[in-house]
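J.: based on what follows, work out the 3D shape:
(one chain, ligands or ions: 1)
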Amino acid sequence: MLERLQALTDEALGLVQGAGDSAALDAVQTAFLGKKGKVQAVLRTIGSLAPEERGPVGKAANAAKVEIESALGERRQALIDAAEGELAETEWVDATLPPPASTGEGRSGGTIHPITTLVRDMDDIFASMGFEALDGPWVEDDYHNFTALNIPPDHPARDMQDTYWLSDGNCLRTHTSPVQIRAMENNKPPIRAVCLGRVFRHEDLDATHENTFHQVEGFYVDRQVSVGHMLYVLRALLREILEEDVEVRLRPSYFPFVEPGFEMDVTFRGKWMELLGCGMVHPKVLEFGGIDSSQWSGFAFGLGIDRLVMLRHGVEDLRHFMSGDLRFLEQFHGGAEG
Ligand code: FA5
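T.: Take a look at the predicted model:
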């Protein structure tokens, strides 16, 4: 029986050494050490042996189990080590290499959106002219977006700026003009302020109309401000942004919050395109802002930033700007960040 056990052990060790994966090792384990395995079968016969043989055979069977178990454990570890070594060989990474973008391969580091670039440029230009940059909420109340701008409820001018209303009575602001009111609430004249930001309208969309677009509001209140001051600031702004004198047209227009009011058009692709509304701040608006209109006057303008970006880069349709289409955005590498 002892020889039988030795033969079993040798057979098991041979199979362990030849096993190429853990499944093969599991098979050896079951065949030799499992409940119905070969070593167990020997142990089951002990009862039929002569009493003096039982001890040595039991011991030898246990020793065989330990030897096979330990060979199985070693072989399992060797297989794991070999697999890891192979991975290290095939999947190594050289962490000292520069990232793909800087070698000119792979993905680029991204570009700055042309609207952001223009907003940043305008921020600098207005700062150099002494205008303070103000911010205002996208969700506005009726008072700031309409009423305090001399557009009372039921005024027909509300129809020109249809927007998205919230159930609490607030709306998405239709223009940056509410910031005029906020500027007056928080500052005493003289005031020189700009607000560059996103606005929203319920619009029929086309190449020059989006439902989400951007405006810059300019607001200047001082003593004896004139239309001449306003035109000077607007011309200086356009010259700086477009780096050339563009052909503009100023025509009388109506906005309830200015008097007189104008619209400025620019030529784009052989046609006139409206770029901004402007005018002298209406005395009622100054009074809404707590400013004595007999002492102070001002000008205000609201310029469509998206349309200015169209002009700057010759973009034929401003709906590209909010589309998130990388093929469009990747053309603006001038403003690349990474
Ligand atoms: C206004 O929004 C006034 N708040 C402007 C203003 C301010 C007038 C201060 C007087 C004094 P208007 O609706 O015309 O006006 O819009 C101003 C500019 O925003 C337009 O000239 C145009 O350049 C741009 N704009 C208007 N609607 C859209 C639109 N749907 N998509 C893209 N740009 C637009």
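
J.: the strand or helix carrying residue 219 and the ligand, are they touching?
T.: Element membership for residue 219 (DSSP states H and E) is strand 212-222. Yes - counting by Cβ under 6 Å from any ligand atom, contacts between strand 212-222 and the ligand involve 213, 215. (C-beta placed from N, C-alpha, C; glycine too.)

J.: what mean pLDDT would you report for that strand?
T.: Mean per-residue pLDDT for strand 212-222: 98.

J.: which elements pack onto it?
T.: On a contact count with 3 or more Cβ pairs under 8 Å, 6 or more residues apart in numbering; DSSP states H and E, strand 212-222 meets helix 114-128, helix 178-186, strand 191-200, helix 227-242, strand 297-304, helix 305-313.

J.: which one of the ones you listed lies nearest to residue 206?
T.: helix 305-313 (12.3 Å; Cβ to Cβ).

J.: in the protein, what residue comes closest to the ligand?
T.: Of all residues in the chain, the one sitting closest to the ligand is residue 304 (2.2 Å; Cβ to the nearest ligand atom).

J.: elements contacting the helix of greatest length in the chain?
T.: In the chain, taking DSSP state H as the definition, the longest helix is helix 51-90. Helices and strands touching helix 51-90, by 3+ Cβ pairs under 8 Å, 6+ apart, are helix 2-18, helix 22-33, helix 38-44.

J.: hang on, the earlier thing: of the helices and strands packed on strand 212-222, which approaches residue 33 most closely?
T.: helix 114-128 (69.4 Å).

J.: what does that closest one contact?
T.: Helix 114-128 is contacted from outside by 133, 194, 196, 214, 216, 218, 236-237, 240-241, 305-306, 308-309, 312-313, 315, 321, 332, 334-335, using Cβ atoms under 8 Å, 6 or more residues apart in numbering.

J.: now, of the residues you listed, which are buried?
T.: 194, 196, 214, 216, 218, 237, 241, 305-306, 308-309, 315, 321, 332 (16 or more other Cβ atoms under 10 Å).

J.: and which of the residues you listed is nearest residue 96?
T.: residue 332 (32.4 Å).

J.: count the neighbours of the residue lying closest to residue 191 once chain neighbours are set aside for me.
T.: Nearest in space to residue 191, with sequence neighbours left out and distances taken as Cβ to Cβ, 6 or more residues apart in numbering, is residue 221 at 4.5 Å. Around residue 221 there are 25 other residues, counting by other Cβ atoms under 10 Å.
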